[in-house]
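# One predicted model, sequence on top.
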Amino acid sequence: MDRQPIISAKDVEITFSLRGKKLNAIRKCSLDLYEGETLAIVGESGSGKSVFTKNFVGMLDANGKITGGSIMFEGRDMTKFTEKDWLGVRGKKIAMVMQDPMTSLNPLKKIGKQIQESIEHHQGLHGEAAKKAAIEMLAKVGIPDPELIIRPSGEIRTSNFLLWQSAYAEYYFTDVLWPDFDEQELDKAIASYRSRERRFGGRK
């Protein structure tokens, strides 16, 4: 039996509308990602890496549009997904760690509350059970004083954002994780995460 990819993108084309003009940002881009595989997308700044991979979590900018190709996941073409479809996939089966992790949280809301909301949505936990899971996740990735659950999100260092976002997806939900940041930051986050994984006995 042939090995089937988890995600298969074929001849994807993406166009942006800018000041009344059309910009072809992605032309005939394809990839296959298989279970257990690490796939690196390498290119210069501005080459379209983030634009391409944002489509795997349904987060293409409002002025962008997929104008060709397909992105298959679990037998469905994600280029045809509605927002309702994405709610069952984004963060639960496929997650993305953004280049600037601090922008992924609202600085006016407590970090613990935002993590707790995601746990409630994806895991079905509520109240104290969800809060306990959020604190446990922060502790497992080595963020000091898990009571950060009560602090504003702006008080956590950027490097810790990378850690908790990566580990959050890894520990709890996803089949596919797309880290979209500098490889040096990725190396530091992975090294720190693996060190903590050994100390805390691996994944949940």
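Everything's here; your move.
# burial measure for residue 176, as a count.
The local packing of residue 176 (other CB atoms under 10 Å) involves 18 other residues. For the C-beta atoms, the positions are set from N, CA and C on the backbone; glycine is no exception.
# in the sheet, who's paired with the closest residue to it other than its chain neighbours?
The shortest distance from residue 176 to any residue other than its chain neighbours is 4.5 Å, reached at residue 94 (CB to CB, 6 or more residues apart in numbering). Under DSSP bridges, the beta-bridge partners of residue 94 are residue 90, residue 176.
# Residue 94 is in contact with residue 86, isn't it?
No: taking CB atoms under 8 Å as the definition, residue 94 is not a contact partner of residue 86, at 9.4 Å.
# Where does pLDDT dip in this protein?
For the chain, the stretches with pLDDT under 70 are 1, 99-108, 110-112, 141-144, 147-174, 178-204.
# picking that back up, who has more neighbours, residue 94 and residue 86?
residue 94 (22 against 16).
# In the chain, what residue spans correspond to strands?
For the chain, the strands defined by DSSP state E cover 7-18, 21-33, 64-73, 76-77, 94-97, 176-179.
# Quickly compare those strands and say which is most buried.
strand 94-97 (a mean of 23; mean count of other CB atoms under 10 Å).
# returning to what we had before: pull up the overlap in contacts between residue 94 and residue 86.
Counting by CB atoms under 8 Å, 6 or more residues apart in numbering, the common neighbours of residue 94 and residue 86 are residue 57.
# on that earlier part again, can you say which of the strands of the chain is nearest to residue 128?
Shortest separation from residue 128 across these is recorded for strand 94-97, at 24.9 Å, computed as CB to CB.
# Determine the set of other helices and strands touching the closest one.
Applying 3 or more CB pairs under 8 Å, 6 or more residues apart in numbering; DSSP states H and E, one finds that strand 94-97 contacts helix 158-168, strand 176-179.
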